[in-house]
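Colleague: Provide a 3D model corresponding to the input given below.
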Amino acid sequence: MRLKLALLRNGLRQSAGRRAAYLASLVLLLLFAALQLVGLIALRGDPHAVNVTVPLTAVLGLGWAVMPLFFPGGDETLDPTRLVMLPLRPRPLVRALLLASLVGIGPLFALCLLAGSVVATAHGPAAYVTGVVAAVLALLVCVALARAVATANLRLLTSRRGRDLAVLSGLVIAIGAQLVNFGAQKLGSSGLATLDPAADVLRWVPPASALGAVDSVSEGSYAAGAAQLALSGLALAALLAHWQRGLTRLMTSPDGSTLQAAEPVRDGAGRSSGAVRLLPAGRTGTVMERSLRYVWRDPKTKAAWVTSLAIGLIVPVFNAVQGTGSVYFACFAAGMLGIQMYNQFGQDTSAFWMVATTISSTRDAYVELRGRALALLLITLPYATLVTVLTTALLGDWAALPEVLGLSFALLGAMLATGAWSSARFPYSIPQDGYKNVAPGQAGLAWISIFGGMVSAALLCAPVIALTIYFDTTATGETWSWLLLPLGTLYGTALTLAGLHLAAPRTATRLPEILTAVSKA
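Modeller: Coordinates of the predicted model:
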């Protein structure tokens, strides 16, 4: 525990910015925890309060289980291999790490939720005594679950694949927020009684069974309450035993995760095999393969793509499911994915010099930009189509499908055009370490590049938007609205080609400036 406090204290001493961020997060968490606590206390006396407290505890346990997978660097003490050279035995090490895990913002927030759940559920002195035991037991189960999961997957979490897994945290948060919003709306319309079946099952699943024991004791079912507490106790014992075995294996076995490096599979002629053989020959295919490898292997590029793919699907689909959306929300997917065309050279960082040495003419620059645009289209075109069709199917407005697809393709083409030009005119560096996506001093370039390009793309799509409005507001529009699909596709293609031709000469003449801008990180 002294080690945990020392790590926390020394981390806060590193910079004033880190101290400010920690204090701000602590204040926000305490405010949010206080609101949750007040809300749970307000449920006291409601006959269906247990339908909130028991599932809430189950969700809390699930959060503790998956959090180490997505945020492995959030707690330095999650990596016990740093203590491998010390003469420590597994059992006291497990006990020490378990107690040290109770120090921090996360356990404080969990304790506030569990305390509020006990107040909302307990009725009578026996129930309150059971509640104190249940809250401590549930908290220990959550912490032990996080530790066991982190230890079992430590080799993965400290590898490149583990860092790639952390990229999915944004996707999980985005989807989880939408699910919570959707569930809250359903509960608001149907009431807490709809959670009866779920609560009846979860009250026998640790750590939610500890809160189920409080409700059972409140109703006078002491045998059921004891059984539910015993389930949580057995779960804690099993987790500690599993954690100890994993800890022993981790501290005594060699790490072979880096013995064999992953190499691309190539055929006898030295060419890449698999699906990449379907790409065009020459520079275009090479550029496309390199761009696709960035998407698959570079953590920052993958994070940007995962976020765009997730938000581009979540916004139109969840609004359609809730009955508040429009088929035109499907254009959000094309817009989010088109952003990936901006700052194309920034993802190369200082390695852009190798690309720059191969560009000796405007034609070379044009082929380079065209290959990057085609790689982006290889993903965005089918994905935008899928989101549009799915949104249309959920809303049942099939008559609007052609015009929405045409508008999406036109918007995508406009963003590819403005993205190619802004990549040459406003390049900026992307730091490879940390969570920042812009190097210090280049934030203005990033804002100009992305938001200026988005506004320009919207203005370029004005003819297609005006034509869509005309077809939707005239009596004969429904008959000819299908023309928007070929017209939007042709217009988007023309915009893309025009943008590439305009950006190519600027790229060819600004190679030293681009290299300097993308190498600052």
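Colleague: Can you give me the domain assignment for the chain?
Modeller: 2-168+188-252, 281-518 (automatic domain parsing).
Colleague: So what's the residue count around residue 43?
Modeller: 19 (other Cβ atoms under 10 Å). In short, each C-beta sits where N, CA and C put it, glycine included.
Colleague: Which helix or strand contains residue 323?
Modeller: Using DSSP states H and E, residue 323 maps to neither a helix nor a strand.
Colleague: Next up, phi/psi of it, please.
Modeller: Main-chain dihedrals, residue 323, degrees, to the nearest 10: phi 80, psi 10.
Colleague: for the one helix or strand residue 306 maps to, packing partners?
Modeller: Counting by DSSP H and E, the element that carries residue 306 is helix 299-321. Packing partners of helix 299-321 (3 or more Cβ pairs under 8 Å, 6 or more residues apart in numbering; DSSP states H and E): helix 160-167, helix 169-190, helix 283-297, helix 331-338, helix 362-395.
Colleague: Check which residues of it are buried.
Modeller: For helix 299-321, burial by neighbour count (16 or more other Cβ atoms under 10 Å) applies to 300-320.
Colleague: still on that earlier bit, please convert the domains of the chain to CSV, extending it with mean pLDDT.
Modeller: Converted to CSV, those look like this (pLDDT from 0 to 100):
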stretch, mean pLDDT
domain 2-168+188-252, 83
domain 281-518, 86
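Colleague: looking at the ones you listed, which is buried most?
Modeller: domain 281-518 (a mean of 19; mean count of other Cβ atoms under 10 Å).
Colleague: Let me know the secondary structure of residue 102.
Modeller: Following DSSP: H, G, I helix; E, B strand; the rest coil, residue 102 is assigned to coil.
Colleague: correct me, but it touches residue 142?
Modeller: No. Using Cβ atoms under 8 Å, residue 102 makes no contact with residue 142, being 10.2 Å away.
Colleague: Report the set of residues contacting both of those two.
Modeller: When contacts are counted by Cβ atoms under 8 Å, 6 or more residues apart in numbering, residue 102 and residue 142 have no shared neighbour.
Colleague: Quick check: phi and psi at the nearest residue to residue 392 once chain neighbours are set aside.
Modeller: Spatial nearest neighbour of residue 392, chain neighbours left out: residue 401 (4.8 Å); criterion: Cβ to Cβ, 6 or more residues apart in numbering. Per-residue torsions, residue 401: phi -60, psi -50 (degrees, to the nearest 10).
Colleague: so what's residue 401 up against?
Modeller: For residue 401, the contact set (Cβ under 8 Å, 6+ apart) comprises 327, 388-389, 392.
Colleague: Pick out the most distant pair among these.
Modeller: Across the contacts of residue 401, no pair lies farther apart than 327 and 389, at 10.2 Å, counting by Cβ to Cβ.
Colleague: Check which element follows the helix or strand hosting residue 480 along the chain.
Modeller: Using DSSP H and E, residue 480 falls within helix 477-480. Beyond helix 477-480 in the direction of the C-terminus, DSSP H and E gives the next helix or strand as helix 484-509.
Colleague: what's that following helix packed up against?
Modeller: Judged by 3+ Cβ pairs under 8 Å, 6+ apart, helix 484-509 is in contact with helix 362-395, helix 401-425, helix 462-473.
Colleague: Include distance to residue 451 when you put these into a markdown table, please.
Modeller: Output for these, formatted as a markdown table (distance: least, Cβ to Cβ, whole Å):
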| stretch | distance to residue 451 |
| --- | --- |
| helix 362-395 | 19 |
| helix 401-425 | 10 |
| helix 462-473 | 18 |
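Colleague: of all these, which lies closest to residue 130?
Modeller: helix 362-395 (45.7 Å).
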